[in-house]
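Visitor: Let me see the structure of the following:
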Amino acid sequence: MNRNYLRTKKLLKTLCLYLFAGSTLSACAQEHKKNEALLANASTIIRSAVLLNNQQNSIPLTSLEKKNIASVNLGFNYQNVVDSLLNKYAKITSFSADSYKEASTLNDLEDDLKYFNTILVSITDQDASNPRYLNFINLLSRNKQVVISLFGDGNSLRSFDNTTVPILWTAQKDVGAAAIAPQMIFGGIPLNNKLSFTYSGKYTTGSGYSTTATRLKYTLPEDAGVNADDLSEINSIAAEAINARATPGLVVMVAKDGKVIFNKAYGKHTYDSTALPDKTSDIFDLASVTKITATTPAVMRLYEQNKLKLDTNIGAYIPKARTTGMNPIQVREVMLHQAGFIPYIPFHDFIKPTDHSTDSSAIFPTKVADGYYVRKDYFKDVMWPKMLNAPIKTRGSYVYSDISMYVMKDIVERISGEPLNKYVAENFYEPLGMQTAGFLPRNRFSKDQIVPTENDSYFRKTLLIGYVHDQGAALAGGVSGHAGLFASSNDMAIMYQMLLNRGTYGGVQYFKPEIVDMFTAKQSNVSRRGLGFDRWDPDLSKHYPSELASPQTYGHTGYTGTCVWVDPSRGLVYVFLSNRVNPGVTETLSRLKIRGRIQDVINKAIDKSKN
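Guide: Below is the predicted model:
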């Protein structure tokens, strides 16, 4: 009994400290006093950590799109925590020396690392003098970027007198240090400390390099001045949503002042009792959040490069539009939903039996769902002409239309010379370190990682897992300007923290501040909209997007039950992901105002912290 008690106590301590990884385990996080004690311990670690050998400014790591990163454990007990944190910043492949312990050298491990150009090594003081490990590090550093995380007694630094690779040293070698060191390597936590003691001829008193915070930090609410107890109502609202069958599961993520202070998953992938539980790393169909996470950033980049003009007409960019009613409409009108396009065309209603097949072939190459392939050029022959020739009825008025982002996708692709999915991956997702964000997730991830949407009994006659819910986007091949993007909560937080930072993240400027300000600000005389972005509604009776949202708030909602809202006045990024269309479409999530109520719990907690 005593042994079980001690094991349980140790596990609870580990789970609480895991919160520095922004884990889903909020039971500990909602005890304010415990959090303050945990933060005091974290502060001690942060104040004593020292970065050495950083002459080349290798730390924080940059150019993530060019890095293939491996994490190598040379005997650290909390490597699972290290790797959990590392994977929040970039895709990491984990290796352990224990797997090679039968060999006298680590040549086989070195061989297994041949395709990696960046190696993050974790080692403790008790193994720092191990010649097998030191030889391995020295050999690796000849042609790869190596970073050492050294945990324990500073005297162990002597073993690295002959190395020039960056060393992040912390005197502690507990789970807290394991959660903090990776964040320092990636710029989630800045470094400003110097050695207070001379450990060797190389590592002398006063040695140490400073860095600045450039990426998200994963921490507790109290670290951003928020009382965790004030966020507890999120749990009850989430439970209400699930019990009311508004959605089988959901994920909520909150970042305040560049710090992720809440990230929790609730419920399951479906209502089936055997369904997988939702995880914070799960990938969701973002639906119309695609508009501001893919298409609009591409427009912003091309506008900033002076390749795209907002006051130029559609026909100047799209040849087939020149003989249609679209020709004179300006790009600006399209981005504001004032082009006069009809809201929606039910493309799936026009499908004929000869248009699709259950098997893939040269004639039916476009996969719409499992067992459903549409004929070649269906978009070009059927969908695109219907959009180009649709009546223009309400030009100058605000009428929300998906056609707008079909049009903008085509313009982006013509100017950039690349498909939209490739363009946004290369220009944003990969350099930002976003690992899940992208179109066509089934090409990259297992079904278990992707949250299902509708059990489509009308069109595709299957449960949709990793195939876009929107019928038009599906028939277009899964890549569209208005829908088709999938992502996890962490990737969404990264993208929108970059926008909250007014264009900068990870030491890279993606947009000039004035570009972000312009697109996210109110730009219409007839609606609340920005350019591409939705915004706070000045009609206070609508309480949109929530009752307490500030006038600065911008973001978007998605039909599948998603939203992201950025509130610069509060330093807030709020991400809500769900699959409210499973097993079928229901309006309960909106009727119960689940998204807005959770947003206001967060708003109240932040506002209370200011008083």
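Visitor: burial count for Asp127?
Guide: Asp127: 20 surrounding residues under other CB atoms under 10 Å. Heads up, the C-betas are built off the backbone N, CA and C, glycines and all.
Visitor: mind listing the helices for the stretch 51-200 of the chain?
Guide: Taking DSSP state H, counting those that start in this stretch as the test, the helices found in the stretch 51-200 of the chain are 79-86, 107-112, 131-140, 175-186.
Visitor: Show me where this structure dips below the pLDDT cut-off.
Guide: Under the criterion pLDDT under 70, the flagged ranges of the chain are 1-30.
Visitor: what residue is smack in the middle of it?
Guide: Centroid-nearest residue in the chain: Asp491, 0.5 Å away (criterion: CA atoms, centre = their mean).
Visitor: who does whichever helix or strand it is part of touch, helix- and strand-wise?
Guide: Per DSSP states H and E, Asp491 falls inside helix 489-500. Packing partners of helix 489-500 (3 or more CB pairs under 8 Å, 6 or more residues apart in numbering; DSSP states H and E): strand 249-256, strand 259-267, helix 430-432, strand 504-505, strand 562-567, strand 572-578.
Visitor: any chance of the ones you listed in TSV, plus distance to Arg332?
Guide: Listed next are these as TSV, based on distance: least, CB to CB, whole Å:
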stretch	distance to Arg332
strand 249-256	31
strand 259-267	35
helix 430-432	27
strand 504-505	26
strand 562-567	22
strand 572-578	27
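Visitor: out of these, nearest to Val374?
Guide: Among the helices and strands packed on helix 489-500, the nearest to Val374 by CB to CB is strand 562-567 (25.5 Å).
Visitor: what's the closest residue to Leu85 other than its chain neighbours in contact with, if anything?
Guide: Counting by CB to CB, 6 or more residues apart in numbering, the nearest residue to Leu85 once its immediate chain neighbours are dropped is Pro182, at 3.8 Å. Contacts were defined as CB atoms under 8 Å, 6 or more residues apart in numbering; by that measure Pro182 touches Val82, Leu85, Leu86, Tyr89, Leu120, Ser149, Gly188.
Visitor: Taking strand 562-567 as reference, get the angle to the helix holding Asp491.
Guide: 30 degrees (axes from the mean of the first three to the mean of the last three CA atoms, to 10 degrees).
Visitor: any idea which of the contacts of Pro182 is closest to Asp257?
Guide: Gly188 (12.5 Å).
Visitor: Ala213 is in contact with that closest one, correct?
Guide: Yes: counting by CB atoms under 8 Å, Gly188 does reach Ala213; the two are 6.7 Å apart.
Visitor: what's the closest non-adjacent residue to the residue of the chain most remote from its centre?
Guide: The C-alpha centroid of the chain is most remote from Gly201, which lies 43.7 Å away (CA atoms, centre = their mean). Once flanking residues are discounted, Gly201 sits nearest to Asp161: 6.8 Å by CB to CB, 6+ apart.
Visitor: To what extent is that neighbour buried, counted in neighbours?
Guide: 11.
Visitor: And Pro328, by the same measure?
Guide: 14.
Visitor: ok, residues contacting stretch 330-344?
Guide: Residues outside stretch 330-344 that contact it (CB under 8 Å, 6+ apart): 296, 299, 308-314, 317, 326, 329, 387, 390-404, 407-408, 411, 523-524, 526-527, 529, 531-532.
Visitor: try 7 Å this time
Guide: 299, 308-314, 329, 390-404, 407-408, 411, 523-524, 526-527, 529, 531-532 (CB atoms under 7 Å, 6 or more residues apart in numbering).
Visitor: same question, stretch 441-457
Guide: With CB under 7 Å, 6+ apart as the contact definition, stretch 441-457 has outside contacts at 249, 269-270, 276, 278, 282-285, 438, 462-467, 469, 486, 560, 579, 581-585.
Visitor: Kindly report the same for stretch 78-85.
Guide: Residues contacting stretch 78-85 (CB under 7 Å, 6+ apart): 18, 21, 71, 73, 76, 92, 94, 96, 122, 175, 178-179, 181-183, 218.
Visitor: Go through that stretch and flag the buried ones.
Guide: Judged by neighbour count (16 or more other CB atoms under 10 Å), stretch 78-85 contains these buried residues: Tyr78, Gln79, Val81, Val82, Asp83, Ser84, Leu85.
Visitor: Please compute how far that stretch lies from its chain's middle.
Guide: 19 Å (CA atoms, centre = their mean, to the nearest Å).
Visitor: Which strand residues bridge Asp567?
Guide: Leu572 (DSSP bridges).
Visitor: Could you count how many residues lie near it?
Guide: Count around Asp567 with other CB under 10 Å applied: 26.
Visitor: is it true that Thr219 touches Ile261?
Guide: Yes: applying CB atoms under 7 Å, one finds Thr219 in contact with Ile261, separated by 6.4 Å.
Visitor: Let me know the closest of the buried residues of stretch 78-85 to Asn155.
Guide: For the buried residues of stretch 78-85, the nearest to Asn155 is Tyr78 (21.1 Å; CB to CB).
Visitor: gap between the closest one and Asp402?
Guide: In this view, Tyr78 and Asp402 are 48 Å apart by CB to CB, to the nearest Å.
Visitor: got it, and Lys259?
Guide: Counting by CB to CB, the gap from Lys259 to Asp402 is 35 Å.
Visitor: same thing with Ala298?
Guide: Taking CB to CB, one finds Ala298 at 17 Å from Asp402.
Visitor: Would you mind giving the secondary structure of the residue lying closest to Trp565 once chain neighbours are set aside?
Guide: With sequence-adjacent residues excluded and distances taken as CB to CB, 6+ apart, Trp565 is closest to Gly555, at 3.8 Å. Look at Gly555: counting by DSSP: H, G, I helix; E, B strand; the rest coil, its state is strand.
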